[in-house]
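Starting from these lines, generate the structure:
(one chain, ligands or ions: 1)
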Amino acid sequence: MSSLNAEARNYIGGELVGASSGATFENVNPATEEVIGVCADGTKEDMDAAIGAARRAFDETDWSTSPAFRAKVIRQFHDALEKAKEELRAIVVAEAGSPVVLTHAVQTNAFIDAMPYFANLAEGYAYEQPMSDITFMGMPQRRILRREAAGVVGAITPWNFPLYLNLCKLGPALASGCSVVLKPPPDTPWCATTLGRLFAEQTDLPAGVLNVVASSDHMLGELLTTDPRVDLVTFTGSTATGRRIMECAAPTVKKVFLELGGKSANVVLDDADFAAALGMVGTTCIHGGQGCAITTRLLLPRSRYDEGVEIAKAAFENVPYGDPTDPRMLQGPQISKKQQERVLAYIEKGKQEGAKCIVGGGVPAHLPSGYYVEPTLFVDVDPGSTIAQEEIFGPVLAVIPYDDDDDAVRIANDSIYGLSGAVTSASEERALAVARRIRTGTLSVNGGMWFHEDTPFGGYKQSGIGRENGVLGFEEYLETKSIGLPPDEGDGSIP
Ligand code: NAD
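Coordinates of the predicted model:
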């Protein structure tokens, strides 16, 4: 196996196992195009076994009703993650092509550090609370509001922030008392299978509470969306797949919780300090632009448009990109040849539709291997054009001029997406007034950062349904039960 100490086996029913077919698939480093190892190629039979194990663990063990035990297991998992942190960091860089600098934040450290938060939620949450007494048809009534685990969760994740996205589903799903089948993408299987090994070897997690099924076949995820034994699907990925998941989940009326794509706007108001507001605009290219919440549309006021474009141009000409193991790099490769080609096709489309490409636009000559795309800056972009409307998932920024604050809000909201965004102004009041009118799930005002394990994260419109992280994110994994009781003859307390 690899020197990364990655796990090549799936985790089903408490056992680390190869695929039922014995097959494996290759894991490719997108920065070098080299095969770095293999992973069990899960089959339909494996997925069937994993769902069965999760169903039994939920129905037949006391996992869902033992919050203190769940907290203990999550703390054991946290200790295991801490010990494996450097290996996990190396895996994230090798299989996702993430710049190592990012692993010190969202890509690795942030949600390892967040595990105690989920352990505390598991044991501290008020699952059952009395409601005020009511009178129904003249009779006094007592009521209890009870929240309990939703059941078997199918968790389907993408490759761009693979460790973080697995952890931000496992933390709250397990804390809530659900059992889980995790299906990672074929591009980054080890960020999931290695977590399976940590649970198997270093925690008291009962068999079947967590199952990890990696596969080269995307359609294994679809089994989670159609199987009647699965109660809830939590999905992070593209809006196109999210729509398909809703369709597939409809016949069994599953709850779906979707974290989808984005096309977020960075609105710079005309009174802003442009050097400060735009100096960092090259961060659009971070991790090859493969982040759902990255602001990929830059809205500049016409009155200061040329000045803004000059600063953005200089920023894009100086984005450090290349070998993701080099800590100076902000941008690594795209995840695959297919994604590289997809981004290049969008760049061509942008040119065809009349936008001006003033930086980049191609494959960098100095990086002969790896799926790189140059940091690419388009100006004079029509807000209705393809590159202003569709999620490119590449290091590409579309600069769009606007007339006044109302026009900026209109353009920012002219999108099927509503995930994130940014507003900058010399006046916090004015920036907040604009931010309040933008229909997105998160926003940065004057450079402020919202990301944290207790911040609800998710989208308006076609960016998703539901919120990840925070108490709201935890509650996505809970059902609600309202219980009525007759008047009490004793002291009125609830047993
Ligand atoms: P994708 O939709 O192609 O795949 C995501 C996952 O779904 C993978 O595990 C894949 O194997 C699986 N899958 C594919 N088809 C399926 C089906 N029919 N049924 C069930 N599962 C299926 O997305 P991707 O290319 O891996 O990831 C990039 C996308 O993810 C971007 O659109 C990005 O914006 C989005 N994303 C969103 C967030 C967020 O929190 N909103 C975070 C990260 C990424």
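
buried stuff in the longest strand along the chain?
Ranked by residue count under DSSP state E, the longest strand found in the chain is strand 139-149. For strand 139-149, burial by neighbour count (16 or more other CB atoms under 10 Å) applies to R142, R143, R147, E148, A149. Every residue, glycine included, has its C-beta placed from N, CA and C.

A422: which of those residues is nearest?
R147 (34.7 Å; CB to CB).

For the closest residue to the closest one other than its chain neighbours, give the beta-bridge partners.
Nearest in space to R147, with sequence neighbours left out and distances taken as CB to CB, 6 or more residues apart in numbering, is L478 at 4.3 Å. Counting by DSSP bridges, L478 forms beta bridges with A149.

tell me the contacts of L478?
L478 makes contacts with Y127, R147, E148, A149, A150, S176, as judged by CB atoms under 8 Å, 6 or more residues apart in numbering.

Identify the farthest-apart pair in these.
Distance extremes for the contacts of L478: the farthest pair is Y127 and A150 at 12.7 Å, using CB to CB.

And these two? Which one has more around it.
A150 (24 against 15; other CB atoms under 10 Å).

And that one, its phi and psi?
Main-chain dihedrals, A150, degrees, to the nearest 10: phi -70, psi -20.

Surely it touches P172?
No: counting by CB atoms under 8 Å, P172 is not a contact partner of A150; they are 11.1 Å apart.

which bits of the stretch 251-400 of the chain sit near the ligand?
E259, L260, G261, G262, C292, E391, F393 (CB under 6 Å from any ligand atom).

what sits against the last one?
The contact partners of F393, by CB under 8 Å, 6+ apart, come to N160, G261, G289, Q290, Q334, Q339, R342, V343.

again, but for the fifth one
With contact taken as CB under 8 Å, 6+ apart, C292 is in contact with N160, T236, E259, L260, G261, G262, E391, L419, S420, S463.

Format the residues you listed as CSV; extra columns: pLDDT, neighbour count and secondary structure.
Shown next, in CSV, are these (pLDDT from 0 to 100; neighbours: other CB atoms under 10 Å; DSSP: H, G, I helix; E, B strand; the rest coil):
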residue, pLDDT, neighbour count, secondary structure
N160, 98, 25, coil
T236, 98, 26, strand
E259, 98, 29, strand
L260, 98, 26, coil
G261, 98, 21, coil
G262, 98, 28, coil
E391, 98, 23, coil
L419, 98, 27, coil
S420, 98, 27, coil
S463, 98, 28, helix
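
ok, so of these, who is nearest P364?
Set against P364, the nearest of the contacts of C292 by CB to CB is N160 (20.4 Å).

and the closest residue in space to A426 that isn't next to it in sequence, how many neighbours does it have?
Leaving aside its sequence neighbours, A426 sits nearest to D271 (CB to CB, 6+ apart; 4.2 Å). When neighbours are counted by other CB under 10 Å, D271 registers 14.

how far away is D271 from E428?
11 Å (CB to CB, to the nearest Å).

Same question for K337.
Distance from K337 to E428, by CB to CB: 45 Å.

Now do the contacts for A431.
L269, V423, T424, S425, V445, N446.

can you count the residues close to N211?
Neighbour tally, N211, other CB under 10 Å: 30.

Spit out the contact partners of it.
N10, Y11, I12, G13, A50, I51, A53, A54, V180, V181, L182, G196.

And the spatially closest residue to the fourth one that is not a sequence neighbour, its phi and psi?
It stands for G13. Take G13 and drop its neighbours on the chain: the residue closest to it by CB to CB, 6+ apart is A53, 3.7 Å away. Main-chain dihedrals, A53, degrees, to the nearest 10: phi -70, psi -40.

so A53 makes contact with E15?
No: A53 is beyond contact range of E15, at 9.2 Å (criterion: CB under 8 Å).

Could you pull out the residues contacting both of those two?
A207.

So the two - more neighbours on which side?
A53 (23 against 15).

Report the next helix or strand after the helix or strand that L258 is a member of in sequence order.
Element membership of L258, judged by DSSP states H and E, is strand 255-259. Next helix or strand after strand 255-259 toward the C-terminus (DSSP H and E): strand 264-268.

to the chain's geometric centre, what's the distance from the very next helix or strand once past that next one?
Past strand 264-268, further along toward the C-terminus, the next helix or strand under DSSP H and E is helix 274-278. Distance of helix 274-278 from the chain centroid (CA atoms, centre = their mean, to the nearest Å) equals 28 Å.

mind listing the helices for the stretch 351-495 of the chain?
Here the stretch 351-495 of the chain has its helices, by DSSP state H, counting those that start in this stretch, at 386-389, 405-413, 428-437, 470-475.

which helices and strands does the shortest one pack with?
In terms of contacts (3 or more CB pairs under 8 Å, 6 or more residues apart in numbering; DSSP states H and E), helix 386-389 is packed against helix 337-352, strand 396-402.

hmm, who's touching that helix?
Taking CB under 8 Å, 6+ apart as the rule, helix 386-389 contacts 263, 297, 346-347, 349-350, 353, 355, 378, 381-383, 396, 398, 400, 415-416.

Could you turn the buried ones of the residues you listed into a ChimeraX selection?
Only the buried entries of the contacts of helix 386-389 go into this ChimeraX selection, using 16+ other CB under 10 Å:
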select :263,297,346,347,350,355,378,381,383,396,398,400,415
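
helix or strand for the residue nearest the centre of the chain, which one?
Centroid-nearest residue in the chain: L165, 4.7 Å away (criterion: CA atoms, centre = their mean). With elements taken from DSSP H and E, the one containing L165 is helix 162-176.

Compute the inter-axis angle for the following helix or strand past that helix and helix 162-176.
Using DSSP H and E, the helix or strand that follows helix 162-176 in sequence is strand 179-183. Interaxial angle, strand 179-183 versus helix 162-176 (axes from the mean of the first three to the mean of the last three CA atoms, to 10 degrees): 170 degrees.

So which residues on the stretch 51-200 of the chain come close to the ligand?
I156, T157, P158, W159, N160, F161, K183, P184, P185.

what residues are up against the fourth one?
Residues counted as contacts of W159 (CB under 8 Å, 6+ apart) are E95, A96, P184, P185, D187, T188, I335.

quick one: D380 and K356 touch, right?
Yes: using CB under 8 Å, D380 makes contact with K356 at a distance of 5.1 Å.

can you pull the buried residues of stretch 8-18?
Neighbour counts over stretch 8-18 (16+ other CB under 10 Å) mark A8, R9, N10, Y11, I12, G14, L16, V17, G18 as buried.

where's that stretch relative to the chain centroid, distance-wise?
With CA atoms, centre = their mean, you get 24 Å for stretch 8-18.

Now do the end-to-end distance for it.
Separation of the first and last residues of stretch 8-18 by CA to CA, to the nearest Å is 8 Å.

which residues sit against it?
By CB under 8 Å, 6+ apart, the list of residues contacting stretch 8-18 reads 1, 7, 19, 24, 37-40, 42, 46, 49-50, 52-53, 190, 193, 196-197, 199-200, 205-208, 210-214.

Cross those against helices and list the overlap.
D46, A49, A50, G52, A53, W190, T193, G196, R197, F199, A200 (DSSP state H).

Noted, bye for now.
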